[in-house]
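[1] Please work out how this folds:
(chains A and B)
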There are 2 protein chains.
Amino acid sequence: MYTLNRIDTGVCAADGFFADGINAGLKANDALDMAFIYSDTVCDIASTFTTNKMTAAPIRHFKNKGDFKTNFVMINSKNANAMTGPKGISDIDEILEALEIDGLVNPVMSSTGVIGVRIPKEKIIAGAKKFDLTKREPQNASKAIMTTDSFSKTIAFEVVLEDGSKFHIGAMAKGAGMINPAMATMLCFITTDADIPQNKMQKFLDKTVKTTFNAISVDGDTSTNDTIMLFANKKSGAYHKDAFKGALYEVMKFLALEMVRDGEGATKVVTYNITGAKNDEEAEKVAKALSDSLLVKTALYGEDPNWGRIASTVGASGVTCKESTLKISFNDLCVYDKGEIYFDKAMEVEAAAVMKLPAFTISCDLGIADGKFTAYGCDLGYEYVKINADYRT
Amino acid sequence: MYTLNRIDTGVCAADGFFADGINAGLKANDALDMAFIYSDTVCDIASTFTTNKMTAAPIRHFKNKGDFKTNFVMINSKNANAMTGPKGISDIDEILEALEIDGLVNPVMSSTGVIGVRIPKEKIIAGAKKFDLTKREPQNASKAIMTTDSFSKTIAFEVVLEDGSKFHIGAMAKGAGMINPAMATMLCFITTDADIPQNKMQKFLDKTVKTTFNAISVDGDTSTNDTIMLFANKKSGAYHKDAFKGALYEVMKFLALEMVRDGEGATKVVTYNITGAKNDEEAEKVAKALSDSLLVKTALYGEDPNWGRIASTVGASGVTCKESTLKISFNDLCVYDKGEIYFDKAMEVEAAAVMKLPAFTISCDLGIADGKFTAYGCDLGYEYVKINADYRT
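    Residues are numbered from 1 along each chain as shown, chains lettered A, B, ... in the order given. As a prediction, the model looks like this:
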C-alpha cells in the first residue's frame, strides 16, 4: 500500500530538481518560450519518441548520444527544428557548446513548433543566458513549452510508502491533443527522486504510455517531435515498484487527459469504452477509429446523438463485429441493442441531454468476446479549423 | 482505336435505358428523393459494395439473391436503411412486392441517407406509383439520389469503334466525396448498351474502381451503403475491350473527381502525385495519408504553403522514406529538396499563389524506388463542420 498526495510543484516536486521559463524572443509579446529542467545531481533517463520517419533533429541528436546520464534539458517552443537536415543537428551542437552554464552534464535539447525552419541559434543562445538554475518555477517552465495549448499542464505527487518513506514524481507536458494529437507535437517531461533501478525506468515508461498517451493517440500518426523523457536522480532513497508504477500511471493519465481537454477547438471530452471485442487489440482499433472519426467528432460538436455514425465507424474499423451483437450506450443510456431499434423521440431527447455534458462516455459492447480498451477523444468544431488553417501566420 | 464523344444523356445514354426522379415526401420542400433506372430488356449486372461490416439492408438484400439479371433499380435518398436488422431486409421485400409496375424482373433497391431509422415503407410504395417507365429524365434521377451533394453528378459517352459501330455508356453518382468519402455514402449507377461479355463486367469494374473511386477513398473507412452497379443490356451489339475499359475509366474517374469537387465544404481540388516510393502500395498509402490528414486539409483551406505538415504526414504514414531523399512540389514549384531547405520568403509568396488556385497538384517524390500512385483530395473548412455537426436535424 502507498498513498499519493497531490502537490503543486510540477517538475520541481522531486528533491534536487529546478526549472524555469524565460522569453528568448521566439514568441511574440514577450511570452515565455524557453524552459529548462535542471537536477543538482545527474539523472538516469528513460525516453520514448515519435515513430515518424521524419524524426526531428533534437530527437536524432538525443539518440545519437547512445546511453548517457544528464542533469539538464532545455526546451524551446515556436520552432520544431524538424526537416532541417544535418544542419538541424549541427545547430544543436553549436547551441549546446555555446551555453555558458557551469556544471552541465550532457545537456539535452528538445523543441516544438513550426516544421522546416532553421532554429534561430543566436536567439536561443542569448535566451539561455537568462536561465537561473537555482530557480524553482515549474509553472513558468510549463508555460514556456506551450504552442497551441490554451492552458499549461503540470502534475505532481508526493508518494508515501508503507514504511513512511517518501519519494516524489512531477511532470509537465504540452500538446493540444486528441485531434491529430501527434501531429501537433506532444512533449512530456517527468522528474522523480524515487530510487528506481535504471533497468526498470524504460520498462515502466513503455508500458504506461500504452494506456495513457497512446490511448489519446492515433496509431502511426505521430509528429516529428513527440517526446517523453523521465529523469530520475534517486535522491529520496525511497522506492516501491507498485507505488512508482501507480504514481507514474496517474501522472501520465492526468496529462494525457489534459491534452484531450485542451484539444484544439474542443468543447467536450469523450471516453470511448470498448468491450466485448475479439481481443484487446481489436478493441483498441475500434476505440481509436471512433475517437478519430471526423463524422463522430462533428456529431459530438453538434451535440447530435447520431449513433448511426458510431455503428458505421465500428463496422468500418476492420474488426470482427456484427449488427446483431452490438450494443451502444451514451453514459448509462443504451441507444442501440443487438439489431432491434428502440431509439424513439423520447430517447433522443435523453441522449441529446447526455451529449450536452462537458464529459461523457460512449460505450460499445461488440458482443464477440472479452477484448477491451478505453480511449479518450474530443469533438471537432469551427475553432479547430480556425487554429489549423493559419497556424504559421 | 476508338473515339469518346461526350453526350449529356446520363444513365439514359445507352439504348433501351429509362430513368426519372420523383418526390415521395422523404425530403422536405417537394425535392426529388426517389429515382429509378429501367431497361426495356434485362441486364447483366456487375457490382462492388462497401466493406463495412455493418452492411446496409439493401446491400445484404442484393447479395442474398445470388446471381441474377434485372431490368430495374429503384433508389431512395434521405434514409439509408442501415442498422435496421432483419426488419430492414423484410421492409425491402415488402416494398418490392407492393410495387404495382408491370414487367419488372428481379427489381433492385438502393438507399442512402440517415443510418438507424426504419425505412418509411408507405411513402416509398406511394412514391413508386409516380414512376413512369417511359420517361428519360436522367437529370431528375441524378438529383433524386443526392443527400449532402451540392450538385448532381452525371456523365455519358458515345463510344465510336474503328469499324464505325457504336455503343454508349452513361452513369450517375452521388456522394459529397473526399472528406470521409465513404462514410457519406457513395452511390454510382452505370448503364451501357455495349455488348460486353458478362464475365468481363465484374473484372473491369473491380480494376477501374482502384484508380478512380478508391483513389478518393480512405482505406477501410467505407460507409454502410457504398454501392457501384454496372448494368449492361447489350443492345448496341457493339463492343471492343479497350474501348469499353477506356470509356469505363473516363466515366468513373469523372464521377470520382466530381465527388471530390463537391467535397463537403471543400473549396479546392488537390491531386496528390506520389512517385519514387518503394512500391505502388506504399505510394498509395502516402497519397491517402495526405489526402486524409486534417492538418494538411486545414492548411489547404487556409492557403498556407505549410510543406512541413506534408513532410510530417509522409513520415508518419509508415512507409519507407527519408528526409534526405524526399522532394516536395506545389505544381512545378519545388519547396523542399532532399534535406536542403531553400524555402525563403520569395518562394513562400509563389507557393501561396499556387494554393489560391481552385485546383493544383502536390507532388512528393520519395526518392526510394519506382512506386507511384495518384490520389485526389480537397480541403476542410468551416462548412464541413457546419454540414456534419447537424446533418440529421
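[2] where exactly do the strands run in the stretch 201-350 of chain A?
    For the stretch 201-350 of chain A, the strands defined by DSSP state E, counting those that start in this stretch cover A:227-232, A:269-277, A:327-330, A:333-337.
[3] Including mean pLDDT and distance to chain B, could those strands go into a markdown table?
    Every C-beta, even on glycine, is put in place using the N, C-alpha and C of the backbone. Formatted as a markdown table, these follow (pLDDT from 0 to 100; distance: least, CB to the nearest CB, whole Å):
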| stretch | mean pLDDT | distance to chain B |
| --- | --- | --- |
| strand A:227-232 | 95 | 15 |
| strand A:269-277 | 95 | 12 |
| strand A:327-330 | 95 | 10 |
| strand A:333-337 | 93 | 7 |
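[4] Please identify the most buried of those.
    strand A:227-232 (a mean of 26; mean count of other CB atoms under 10 Å in any protein chain shown).
[5] Strand partners (parallel or antiparallel) of that one?
    strand A:34-49 (antiparallel), strand A:187-192 (parallel) (DSSP bridges).
[6] how about whichever residue of the stretch 101-250 of chain A sits closest to chain B, what does it touch?
    Nearest to chain B, among the residues of the stretch 101-250 of chain A, is A:Ile115, at 2.7 Å (CB to the nearest CB). The contact partners of A:Ile115, taken as CB atoms under 8 Å, 6 or more residues apart in numbering or on different chains, are A:56, A:80, A:82-83, A:224, B:306, B:308-309, B:311-312.
[7] what two of those residues have the greatest distance between them?
    By the measure CB to CB, A:Ala56 and B:Asn306 form the most distant pair in the contacts of A:Ile115, at 15.7 Å.
[8] So between these two, which is more surrounded?
    More crowded of A:Ala56 and B:Asn306, by other CB atoms under 10 Å in any protein chain shown: A:Ala56, with 30 against 27.
[9] For that one, give me the pLDDT.
    At A:Ala56, the model reports a pLDDT of 94.
[10] before we move on, the earlier item: by pLDDT, rank the contacts of A:Ile115 and give me the bottom one.
    B:Asn306 (83).
[11] and A:Ala126, that's in a helix?
    Yes. The assignment for A:Ala126 (DSSP: H, G, I helix; E, B strand; the rest coil) places it in a helix.
[12] A:Ile22 versus that one, what's the distance?
    Using CB to CB, to the nearest Å, we find A:Ala126 at a distance of 10 Å from A:Ile22.
[13] so where do the helices sit in the stretch 101-250 of chain A?
    A:121-128, A:138-144, A:198-211, A:241-261 (DSSP state H, counting those that start in this stretch).
[14] For B:Lys253, which of these is the nearest?
    Between these, helix A:241-261 lies closest to B:Lys253; by CB to CB that is 40.1 Å.
[15] That closest one close to chain B?
    No. With CB under 8 Å from any CB of the partner chain as the criterion, chain B is not reached by helix A:241-261; the gap is at least 15.5 Å.
[16] Show me what that helix is packed against.
    Under the contact criterion of 3 or more CB pairs under 8 Å, 6 or more residues apart in numbering or on different chains; DSSP states H and E, helix A:241-261 touches strand A:2-7, strand A:153-161, strand A:166-174, strand A:187-192, helix A:198-211, strand A:269-277, strand A:371-378.
[17] Alpha carbons only: can I get it in CSV?
    Provided in CSV are the C-alpha atoms of helix A:241-261 (Å, rounded to 0.1, in the frame of the first residue of the first chain):
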residue,chain,number,x,y,z
LYS,A,241,7.7,-0.9,-7.5
ASP,A,242,3.9,-0.8,-7.3
ALA,A,243,3.9,2.7,-5.8
PHE,A,244,6.2,4.0,-8.6
LYS,A,245,4.1,2.3,-11.3
GLY,A,246,0.9,3.6,-9.8
ALA,A,247,2.2,7.1,-9.5
LEU,A,248,3.6,7.1,-13.0
TYR,A,249,0.3,6.0,-14.4
GLU,A,250,-1.6,8.7,-12.6
VAL,A,251,0.8,11.4,-13.7
MET,A,252,0.8,10.2,-17.4
LYS,A,253,-3.0,9.6,-17.5
PHE,A,254,-3.7,13.0,-16.0
LEU,A,255,-1.5,14.8,-18.5
ALA,A,256,-2.9,12.7,-21.4
LEU,A,257,-6.5,13.7,-20.4
GLU,A,258,-5.4,17.3,-20.0
MET,A,259,-4.3,17.2,-23.7
VAL,A,260,-7.7,15.9,-24.7
ARG,A,261,-9.4,18.6,-22.6
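[18] Pick the most deeply packed of the strands paired with strand A:227-232.
    strand A:187-192 (a mean of 28).
[19] Now do that one and helix A:241-261, the angle between them.
    150 degrees (axes from the mean of the first three to the mean of the last three CA atoms, to 10 degrees).
[20] Can you give the contact residues for strand A:187-192?
    A:11-14, A:17, A:37, A:39, A:43, A:73, A:75, A:110, A:112, A:145, A:167-175, A:213, A:225-233, A:244, A:248, A:251-252, A:255.
[21] Identify the residues contacting the nearest residue to A:Met347 once chain neighbours are set aside.
    Distances taken as CB to CB, 6 or more residues apart in numbering or on different chains put A:Val335 closest to A:Met347, at 6.5 Å, once the chain neighbours are dropped. Residues in contact with A:Val335 (CB under 8 Å, 6+ apart) are A:305, A:307, A:328-329, A:343, A:347, A:351.
[22] how far away is A:Val335 from A:Gly308?
    Counting by CB to CB, the gap from A:Val335 to A:Gly308 is 10 Å.
[23] Counting neighbours, which bits of the helix or strand harbouring A:Met74 end up buried?
    Using DSSP states H and E, A:Met74 sits in strand A:70-76. For strand A:70-76, the neighbour count (16 or more other CB atoms under 10 Å in any protein chain shown) marks A:70-76 as buried.
[24] Just give me the closest of those to A:Lys356.
    A:Ile75 (38.0 Å).
[25] So what pairs up with the closest one in the strands?
    With DSSP bridges as the rule, A:Ile75 is bridged to A:Ala35, A:Ser110.
[26] how about it, what does it touch?
    Listed by CB under 8 Å, 6+ apart, the contact set of A:Ile75 reads A:34-37, A:109-112, A:141, A:144-145, A:187, A:189.
[27] can I get those in a markdown table with pLDDT?
    Formatted as a markdown table, the contacts of A:Ile75 follow (pLDDT from 0 to 100):
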| residue | pLDDT |
| --- | --- |
| A:Met34 | 98 |
| A:Ala35 | 98 |
| A:Phe36 | 98 |
| A:Ile37 | 98 |
| A:Met109 | 98 |
| A:Ser110 | 97 |
| A:Ser111 | 96 |
| A:Thr112 | 94 |
| A:Ala141 | 98 |
| A:Ala144 | 97 |
| A:Ile145 | 96 |
| A:Leu187 | 93 |
| A:Phe189 | 97 |
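[28] Make CSV out of those residues and add distance to B:Phe62.
    Shown next, in CSV, are the contacts of A:Ile75 (distance: CB to CB, whole Å):
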residue, distance to B:Phe62
A:Met34, 63
A:Ala35, 61
A:Phe36, 65
A:Ile37, 62
A:Met109, 60
A:Ser110, 56
A:Ser111, 55
A:Thr112, 51
A:Ala141, 61
A:Ala144, 60
A:Ile145, 55
A:Leu187, 51
A:Phe189, 56
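[29] out of those, which one sits closest to B:Asp292?
    Distance to B:Asp292 across these (CB to CB) is lowest for A:Thr112, with 23.7 Å.
[30] Just give the nearest non-adjacent residue to the closest one, would you?
    A:Thr185 (4.6 Å).
[31] The one you found and A:Ile115, how far apart?
    Applying CB to CB to A:Thr185 and A:Ile115 gives a distance of 9 Å.
[32] Give me the common contacts of those two.
    Common contacts of A:Thr185 and A:Ile115 (CB under 8 Å, 6+ apart): A:80, A:224.
[33] Is it correct that A:Lys288 is in contact with A:Ala375?
    Yes. Taking contacts as CB atoms under 8 Å, A:Lys288 lies within contact range of A:Ala375: 5.7 Å.
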